[in-house]
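Peer 1: build me a structure from this.
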Amino acid sequence: MDALAVAGGLVVVAAIVLAVAAPALAPGDPIKNSLLDRLTSPTWGREHPLGTDTLGRDVASRLLHGARVSLVVGFSAVGLAGIVGVGLGLVSGWYRGWLDDVLMRLGDVQLAFPVLVLAVAVLAVLGASVLNLILVLGVTGWITYARIVRGEVLALRERDFVAAARALGAGDGWILRRHLLPNVLPPITVVATFSVARTIIAEASLSFLGLGIPAPAPSWGS
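Peer 2: Numbers count the residues shown, from 1 in each chain. All right, here's what the predicted structure looks like:
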């Protein structure tokens, strides 16, 4: 087993455990202000182990509770992008023709705009909220999954097991669900793993700009 993969997996598991256990581990209220305690240095005790920010809020508490928000946004947005992208990729690769051309050209148009710039423009109109953030990051990420799935389907549709299913009278929906979808999931899982990290970074960037998680809720960007 790859040692680097194990180490990376342990880091992810540790982050999830810390996020789930944040209410029990956090030394204080993540949104409580105390101007008398602003910008205090880290201490070895339980009170303010990582110091406080400019509003006197405990940094350790905000870090732990912010992990919950950032991980929820990351996994939810990637899940949404995966569902949309896999579905459209299956349809595009299987039916081809004008539908394939339209979907791929829409993807090209979206890729012409940087994700963060597009997200900033949309969130500036819709407003900052967790739901809007998940929707924007999810919708802007579908094309990656669609292209991968489309390529896999174009290769798999000519395989013998697909021809055999057709000969036995299987419909398009059955072939897509039972034969093609299981074969495209492994590469999609790998891509989704990397996408979660990129999505969390995007969420943190948008929250830092004031367009992500609304204040005073904690996140890794605020």
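Peer 1: how about the contacts made by residue 39?
Peer 2: By C-beta atoms under 8 Å, 6 or more residues apart in numbering, residue 39 lies in contact with 51, 52, 53, 54, 56. (C-beta placed from N, C-alpha, C; glycine too.)
Peer 1: pull out the buried positions in the lengthiest helix in the chain.
Peer 2: In the chain, assigned by DSSP state H, the helix with the most residues is helix 59-95. Judged by neighbour count using 16 or more other C-beta atoms under 10 Å, the buried positions of helix 59-95 are 59-71, 73-78, 80-82, 84-94.
Peer 1: which one of the contacts of residue 39 sits closest to residue 105?
Peer 2: residue 53 (46.1 Å; C-beta to C-beta).
Peer 1: next one: the closest one from residue 213, what distance?
Peer 2: Distance from residue 53 to residue 213, counting by C-beta to C-beta, to the nearest Å: 15 Å.
Peer 1: ok, now residue 107?
Peer 2: With C-beta to C-beta as the criterion, residue 107 and residue 213 are 28 Å apart.
Peer 1: what residue ranges in this structure score low on pLDDT?
Peer 2: 1-2, 5, 222 (pLDDT under 70).
Peer 1: where along it do the strands fall?
Peer 2: Counting by DSSP state E, one finds no strands in the chain.
Peer 1: please enumerate the helices of it.
Peer 2: Along the chain, counting by DSSP H, helices occupy 3-20, 22-25, 59-95, 97-111, 115-126, 130-139, 142-156, 160-167, 172-175, 181-208.
Peer 1: now do the first one against helix 59-95, angle only.
Peer 2: The one in question is helix 3-20. For helix 3-20 against helix 59-95, the angle by axes from the mean of the first three to the mean of the last three C-alpha atoms, to 10 degrees is 120 degrees.
Peer 1: quick one: contacts of helix 3-20?
Peer 2: By C-beta under 8 Å, 6+ apart, the list of residues contacting helix 3-20 reads 25, 64, 67, 68, 71.
Peer 1: over to the fourth one?
Peer 2: For helix 97-111, contacts defined as C-beta under 8 Å, 6+ apart pick out 88, 91, 92, 93, 118, 140, 142, 143, 146, 147, 150.
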